[in-house]
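Student: Need coordinates for the below:
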Amino acid sequence: MDGAPLRVPQGASAAAAVLLAGADAIRETPVSGAPRLPYCMMGVCFDCLAEIDGTANRQACLVPVAPGMRIARQRGARVAFGG
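Tutor: Predicted coordinates for the structure are as follows:
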């Protein structure tokens, strides 16, 4: 995450890659800046929001890892699409 290359099992999600990398957080809460890591791993809680390949607000638990994928920490408030 954030530039460090990592090998992950085929079929793993981006959220699983973040956990395998031992990251301390995948996003920060917008109000307090508290660190968050993936929690439910099935798209319900939104604690896994990340910037993936330059696109913010991606649910990393729902995105399969791909060669060369870049996962960066989501910083600040989530912005609604189209807004």
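
Student: Around Ile40, how many other residues sit close by?
Tutor: Not quite, residue 40 is Cys, not Ile. Using other C-beta atoms under 10 Å, Cys40 is surrounded by 12 other residues. Placement of C-beta: from N, CA and C, glycine included.

Student: Could you pull out the buried residues of the helix or strand hosting Val18?
Tutor: Assigned by DSSP states H and E, Val18 belongs to helix 14-20. Under the neighbour-count criterion of 16 or more other C-beta atoms under 10 Å, helix 14-20 has Ala14, Ala15, Ala16, Ala17, Val18, Leu19 buried.

Student: What's the separation between Leu62 and Ala50?
Tutor: According to C-beta to C-beta, to the nearest Å, Leu62 stands 11 Å off from Ala50.

Student: Sorry, slip of the keys, the one I care about is Gly11.
Tutor: Between Gly11 and Ala50 the distance, using C-beta to C-beta, works out to 18 Å.
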